[in-house]
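Chemist: sequence first, predicted model second:
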Amino acid sequence: MRLGYHSITWGGVTGAAAGVTSVKDLVYRVPGDMRLALREISAAGYRGVEMFDGNVREFAELADGHPGSLPRLLDETGLSLVGVYTGANFIYPDTLPDELHRVRRAAEDAARFGAGQLVVGGGAPRAHGIADGDHDRLAQALDTVAGIAAEHGLSACYHPHLGTIGQSPEQVEAVFSRSSIGFCPDTAHLAAGGGDPAAMIRRYPDRIRHVHLKDLGADGATFLPLGRGELDLDGVLAAVAESGYDDWLIVELDSYDGDPAEAARISRAWLDGALDRAGLTVTTS
């Protein structure tokens with residue numbers, strides 16, 4: 001296993017205001033200092049980072065030789081860019097071409113900076129609920145996304161997420177029964193959506209391409225550093241080991257009421273003991 005961290009903790013996630021009137025320009029973005037985030041992720045003992053498409057796009061607009069370029073920052077910190085996270089509605093035929101345009105742009109940026117994963121969320125819930133055919137439309141779009149990723153030497157994986165039509169176990173099954181895209185289990189989102197994360201990993205072992213780890217509070221809504229909540233994360237790691245997956249584990253904590261570097265250190269310390277209990281080996285490359 002290799003351990004990475006998502007830069008989301010350094011400010012949470014926002015979107016691009018331009019996307020309100022121009023779908024092709026709608027991206028995820030962390031408003032915090034990404035250079036500080038990567039330096040603190042590295043100092044906490046992680047070897048990889050995952051970033052949102054909007055933040056990677058900002059780096060892509062710089063020349064690689066620029067003093068603040070992403071290649072220089074990755075070299076300085078010893079981190080690898082593991083994945084780029086993007087997403088879309090995916091159910092509206094009129095806007096889908098523009099959504100796929102920015103997915104392609106995210107894939108281009110990911111490949112340019114050496115990432116291996118295109119992590120994708122989405123599937124819009126309509127104002128009046130899920131319409132007939134929405135899961136078919138989502139699945140077809142995700143298969144197109146997987147093809148775009150493959151064109152750029154990437155693997156694509158779907159991240160079930162609260163607030164989408166891929167939230168509950170039944171909805172996740174509706175997606176995976178129609179699409180061949182890979183699976184990025186997120187422990188807290190799966191649990192908050194009514195699922196058992198370990199059981200869902202065991203249900204789709206051959207699909208796992210990437211893993212997001214975070215803990216969940218007793219209220220079923222608060223995301224926490226690893227070991228600070230109620231999830232059976234040891235059971236999750238056991239399920240991951242059984243699946244045969246042996247690549248990046250990404251800690252992704254959407255927000256933290258305190259110093260984000262502290263949150264990264266808390267989760268890293270928990271992982272030291274948990275991976276040993278699970279009999280999993282961590283590589284530092």
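Modeler: All right, it came through fine. Numbering: from 1, shown residues only.

Chemist: quick one: residue 137 from residue 251, how far?
Modeler: Shown here: residue 137 relative to residue 251, a distance of 32 Å by CB to CB, to the nearest Å. (Each C-beta comes from the backbone N, C-alpha and C, glycine too.)

Chemist: sorry, that was for residue 237
Modeler: Separation of residue 237 from residue 251 (CB to CB) stands at 13 Å.

Chemist: the two: who's more crowded?
Modeler: A count of neighbours by other CB atoms under 10 Å puts residue 251 above the other of residue 237 and residue 251, at 27 against 24.

Chemist: and the end-to-end length of stretch 219-230?
Modeler: The straight-line separation of the ends of stretch 219-230 (CA to CA, to the nearest Å) is 9 Å.

Chemist: measure how buried residue 63 is and give me the count.
Modeler: By other CB under 10 Å, neighbour count at residue 63 equals 7.

Chemist: ok, it - contacts?
Modeler: Contacts were defined as CB atoms under 8 Å, 6 or more residues apart in numbering; by that measure residue 63 touches residue 69.

Chemist: any idea which element residue 109 lies in?
Modeler: If you go by DSSP states H and E, residue 109 is part of helix 96-112.

Chemist: which strands and helices lie in contact with the helix or strand following that helix?
Modeler: Under the assignment DSSP H and E, the closest C-terminal helix or strand after helix 96-112 is strand 117-122. For strand 117-122, the contact count by 3 or more CB pairs under 8 Å, 6 or more residues apart in numbering; DSSP states H and E identifies strand 80-88, helix 96-112, helix 134-151, strand 155-158 as packing neighbours.

Chemist: I'd like those as JSON lines, with mean neighbour count, mean pLDDT and distance to residue 179 appended.
Modeler: As requested, the helices and strands packed on strand 117-122 are exported to JSON lines (neighbours: other CB atoms under 10 Å; pLDDT from 0 to 100; distance: least, CB to CB, whole Å):
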{"stretch": "strand 80-88", "mean neighbour count": "26", "mean pLDDT": "98", "distance to residue 179": "14"}
{"stretch": "helix 96-112", "mean neighbour count": "20", "mean pLDDT": "98", "distance to residue 179": "15"}
{"stretch": "helix 134-151", "mean neighbour count": "20", "mean pLDDT": "98", "distance to residue 179": "4"}
{"stretch": "strand 155-158", "mean neighbour count": "25", "mean pLDDT": "98", "distance to residue 179": "7"}
